[in-house]
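Asker: what's the 3D shape of this:
(one chain, ligands or ions: 1)
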Amino acid sequence: MSYIELSKIYKVYNEKNLVIDDFNLSIEKNEFVALIGPSGCGKSTLLRMISGLEDITYGDLIIDGKRMNDIHAKDRDMSMVFQNYALYPHLTNYDNIAFGLKLRKESKEVIKERLSSVAKMLDLENYLEAYPSELSGGQRQRVALGRAMVQNSHIFLMDEPLSNLDAKLRNRMRIEILKLHKQLNVTTIYVTHDQVEAMTMADKIVVMDKGEVQQIGKPKELYYNPANLFVAKFIGDPDINILGGTLQQSSVQIGQSVIELNPSLYQKLDEYEGKEILVGIRAEDFRTENIYVESAEKQYRGMIELIEMRGDSSILMTKFDDNEITIKVPSSQNYELGDNIDFSVNQSRILLFDKETGERI
Ligand SMILES: Nc1ncnc2c1ncn2[C@@H]1O[C@H](COP(=O)(O)OP(=O)(O)OP(=O)(O)O)[C@@H](O)[C@H]1O
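Answerer: Numbers count the residues shown, from 1 in each chain. A predicted model of the protein is given here:
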């Protein structure tokens, strides 16, 4: 049995509103798990059920072999960090961090010792006598982290802790949280709607939609082997290109164009022969250089309609037959608006989906 087991968990609000539907997840000790999905999919509800702030309607929450459903939040050995920091404005940062310890009636010495070690780790030593309003967003979030850390809990629950920070600070805090996670040997469950955050931080990602798990896997698994169209579209930036086509033996007909498929792929496709399917191609899976070397790959030509410069790469928008597509190229390749671009498709990276169910074929 894993350290944390969520087994057949359901959440029903007001006896009719099902927001978590048969959720199952195993989490190992010291693992960093990200829950991601669009707004309203039930991520926060799930985290609140784990923390004890919300009842579990049905199912079992087991931690270290013990059923926790009826254990009070304060006795669950967990610390929570929220998006809006939830700091008390009338308390100094020191008292904010110490709040939980004082509530638990820890001795002054213990509080002082833990505060000093945490403040050092978070680079907050010079701000302890100040109030939260005197801090920047990043510093406030560090105070909130500090408050969680001094509890010495074995489990950290984080609900979009970085969403209020600007992009640069978010990147820095991501690294800080990861370092803390490793240093403290805690098990972390991290809610975010930002797939980049989840991909860069998590050992394991749970993709949710409408209260249901879509896929659980390592970041790379989700990226290269999405279970369905929802996961393929949710993970990755820019969005994966999805083209509608008809399967014909060893190829897919897309409008007037044809994409050849790898033998390993089309051998599994008998039941789809002559049927409409969806083809997923990530922007980096078009080849634009040395395509003549890959003689087996068919070549296509499109006119560049838009260029998005991203620093190291450029995203080119062009057409494949009548479909708008994006192609990612190193920005050192010089393309201009209106240029024609020749490209081929990396066959080994093509993803196919059932048009009706969205499931990966
Ligand atoms: N106390 C409540 N009573 C009734 N319905 C609720 C309650 N809390 C949440 N919900 C509903 O449960 C669903 C899931 O909400 P939840 O906050 O868990 O989503 P989320 O994925 O965390 O969204 P976001 O990313 O926007 O925070 C929503 O449809 C929401 O309206």
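
Asker: now the worst-scoring helix or strand of the chain on mean pLDDT: buried residues?
Answerer: When each helix and strand of the chain is scored by mean pLDDT, DSSP states H and E, helix 263-266 comes last, with a mean of 76. Neighbour-count burial for helix 263-266, with 16 or more other CB atoms under 10 Å as criterion, is recorded at 265, 266. C-betas here are computed from N, CA, C, even on glycine.

Asker: likewise stretch 164-176?
Answerer: Buried-residue list, stretch 164-176, by 16+ other CB under 10 Å: 164, 165, 169, 170, 173, 174, 176.

Asker: show me what contacts the fifth one?
Answerer: This points to residue 173. 138, 141, 142, 161, 162, 165 (CB atoms under 8 Å, 6 or more residues apart in numbering).

Asker: do the same with residue 169
Answerer: Residue 169 neighbours (CB under 8 Å, 6+ apart): 137, 138, 162.

Asker: if we use 7 Å, what do you get?
Answerer: 137, 138 (CB atoms under 7 Å, 6 or more residues apart in numbering).

Asker: can you classify it by secondary structure?
Answerer: Secondary structure, DSSP: H, G, I helix; E, B strand; the rest coil: residue 169 is helix.

Asker: separation between the nearest residue to residue 133 once chain neighbours are set aside and the ligand?
Answerer: Take residue 133 and drop its neighbours on the chain: the residue closest to it by CB to CB, 6 or more residues apart in numbering is residue 89, 6.1 Å away. Taking CB to the nearest ligand atom, to the nearest Å as the measure, residue 89 falls 23 Å from the ligand.

Asker: ok so residue 89 is a strand residue?
Answerer: No - going by three-state DSSP, the assignment for residue 89 is coil, not a strand.

Asker: next one: it, what pLDDT does it get?
Answerer: pLDDT, residue 89: 92.

Asker: and the pLDDT for the residue of the stretch 101-250 of the chain found nearest the ligand?
Answerer: Here the residue of the stretch 101-250 of the chain nearest the ligand is residue 193; by CB to the nearest ligand atom that distance is 4.9 Å. Per-residue pLDDT puts residue 193 at 89.

Asker: how about it, phi and psi?
Answerer: In terms of degrees, to the nearest 10, the main-chain angles of residue 193 are phi -100, psi 0.

Asker: shouldn't it be in contact with residue 36?
Answerer: Yes - with contacts counted by CB atoms under 7 Å, residue 193 reaches residue 36, the gap being 6.4 Å.

Asker: ok, those two, which is more surrounded?
Answerer: A count of neighbours by other CB atoms under 10 Å puts residue 36 above the other of residue 193 and residue 36, at 26 against 17.

Asker: for burial, what's the neighbour tally of the nearest residue to the more buried one once chain neighbours are set aside?
Answerer: Spatial nearest neighbour of residue 36, chain neighbours left out: residue 198 (4.6 Å); criterion: CB to CB, 6+ apart. Using other CB under 10 Å, residue 198 has 26 neighbouring residues.

Asker: OK, contacts around residue 198?
Answerer: Applying CB under 7 Å, 6+ apart, the residues contacting residue 198 are 34, 36, 192, 205.

Asker: max pairwise distance over the residues you listed: which two?
Answerer: The widest separation within the contacts of residue 198, taken as CB to CB, falls between 192 and 205 and amounts to 9.7 Å.

Asker: for the nearest residue in space to residue 275 that is not next to it in sequence, give the beta-bridge partners.
Answerer: Among residues not flanking residue 275 along the chain, residue 247 sits closest, at 5.8 Å (CB to CB, 6+ apart). Beta-bridge partners of residue 247, counted by DSSP bridges, are residue 252.

Asker: any idea which helix or strand comes after the one helix or strand residue 7 maps to?
Answerer: Per DSSP states H and E, residue 7 falls inside strand 4-13. Sequence-wise, the next helix or strand downstream of strand 4-13 (DSSP H and E) is strand 17-27.

Asker: which neighbouring elements make contact with that next one?
Answerer: Applying 3 or more CB pairs under 7 Å, 6 or more residues apart in numbering; DSSP states H and E, one finds that strand 17-27 contacts strand 4-13, helix 43-51, strand 212-217.

Asker: recalculate using a threshold of 6 Å.
Answerer: Applying 3 or more CB pairs under 6 Å, 6 or more residues apart in numbering; DSSP states H and E, we find strand 17-27 packed against strand 4-13.

Asker: tell me the strands beside the strand it packs on, with direction?
Answerer: Here, using DSSP bridges, strand 4-13 pairs with strand 17-27 (antiparallel), strand 58-63 (antiparallel).

Asker: for those strands, which one sits closest to residue 44?
Answerer: Checking the strands paired with strand 4-13 against residue 44 by CB to CB gives strand 17-27 as the closest, at 10.0 Å.
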